[in-house]
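**Student:** Have a look; sequence and predicted model below, questions after that.
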Amino acid sequence: MAAQVHPSAVVEPGARLGDGVAVGPFCYIADEVEVGDGTTFGPHCSVVGPTRIGRNNRFIGHCAVGGEPQDKKFAGERVELVIGDGNTFREFVTLNRGTGNGGGVTRIGDRNWLLAYVHVAHDCDVGNDCIFSNNATLAGHVTVGDHVILSGFAGIHQFCRIGAHAFVGMGAFVNGDVPPFVMVAQEDYGRPRGINAEGLKRRGFDAGRIAAIKRAYRALYVAGGSLDEARTKLAEIAGESDDVRLLLDFVNSGDRPLLR
């Protein structure tokens, strides 16, 4: 089925729209924008390029997609935004392209839900199956793993990493790396407050897997030793648990301090 474009919308000649794409009233789709089959745009969305959007995404309305990075060092170099399949972007979501000195690409994976007023800045890399609640904000160069939940008004500092299955509570400001499975709550800057056990249960983690992750959390955050001592303990537990190995690999690979 051919794309359907509302008479009030503007689609530049260099844009490429897949089968079944629907462009709503007062939208603007610029040159160098590629939109996959089945993607829909509600009213007043703008998409500028270079931007590549996959299949079956929903932009509900007033989304600003592919805008220039909010970085004073940006000098007009060719950079892009790449979006996967099956995502939902609610009202007033803003998604920026990358920067030349930051890798050049902002990436968003598959099946994510970005609720109203979420902002994803330049050079971020968002995984799959994440939920970002209203007004959650990623600064530049943030990496987010799969199945991460950011509650309303959460703010993530530039260059931070949020590990898979982590949960960041409402209004928490994160200025360090959050390991996989960890739950962060507000206290000036966010601080770890246990593991995201309820979320793990919903995703099919059994009691043994969750128990191993809890042991790893206690070694990292409760035992009171140094980070090197925690690493040693995590290495012991990781021999029995792939999940703890994932957590240990995350701890060992960061450039920013670990949120502790």
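**Tutor:** That came through, no problem. Numbers count the residues shown, from 1 in each chain.
**Student:** check contacts around residue 44.
**Tutor:** 24, 25, 26, 27, 61, 62 (C-beta atoms under 8 Å, 6 or more residues apart in numbering). In this view, the C-beta of every residue, glycine as well, is placed from N, C-alpha and C.
**Student:** Wasn't it part of a helix?
**Tutor:** No - using DSSP: H, G, I helix; E, B strand; the rest coil, the secondary structure at residue 44 is coil, not a helix.
**Student:** In stretch 100-117, which residues are buried?
**Tutor:** 100, 102, 104-117 (16 or more other C-beta atoms under 10 Å).
**Student:** out of these, which one sits closest to residue 204?
**Tutor:** The nearest member of the buried residues of stretch 100-117 to residue 204, counting by C-beta to C-beta, is residue 111 at 16.1 Å.
**Student:** Next, count neighbours for the residue lying closest to that closest one once chain neighbours are set aside.
**Tutor:** Using C-beta to C-beta, 6 or more residues apart in numbering and skipping residues adjacent in sequence, the residue nearest residue 111 is residue 86, 4.6 Å away. Using other C-beta atoms under 10 Å, residue 86 has 17 other residues around it.
**Student:** Ok, residue 234 next?
**Tutor:** If you count neighbours by other C-beta under 10 Å, residue 234 ends up with 23.
**Student:** One more: the one 10 residues further on?
**Tutor:** Around residue 244 there are 26 other residues, counting by other C-beta under 10 Å.
**Student:** The one 3 residues further on too?
**Tutor:** Close neighbours of residue 247, defined as other C-beta under 10 Å, add up to 28.
**Student:** right, and it touches residue 181 too?
**Tutor:** Yes - between residue 247 and residue 181 there is a contact at 6.6 Å, judged by C-beta atoms under 8 Å.
**Student:** Now the common contact residues for those two.
**Tutor:** 163, 213.
**Student:** which residues in the stretch 101-250 of the chain form strands?
**Tutor:** 105-108, 113-114, 119-120, 125-126, 131-132, 137-138, 143-144, 149-150, 155-156, 161-162, 167-168, 173-174, 182-185, 191-195 (DSSP state E, counting those that start in this stretch).
**Student:** Out of the ones you listed, which gets nearest to residue 223?
**Tutor:** Comparison of the strands of the stretch 101-250 of the chain against residue 223 by C-beta to C-beta identifies strand 191-195 as nearest, at 13.1 Å.
**Student:** And the average pLDDT for the closest one is what?
**Tutor:** Mean pLDDT, computed over strand 191-195, is 86.
**Student:** Likewise for stretch 219-239?
**Tutor:** Across stretch 219-239, pLDDT averages out at 89.
**Student:** Quote the end-to-end distance of it.
**Tutor:** 15 Å (C-alpha to C-alpha, to the nearest Å).
**Student:** contacting residues around that stretch?
**Tutor:** Here stretch 219-239 makes contact (C-beta under 8 Å, 6+ apart) with 179, 192, 212, 215-216, 244-245, 247-248, 251-252, 258, 260.
**Student:** run the last query once more with 6 Å
**Tutor:** Under the criterion C-beta atoms under 6 Å, 6 or more residues apart in numbering, residues 192, 215, 216, 244, 245, 248 lie in contact with stretch 219-239.
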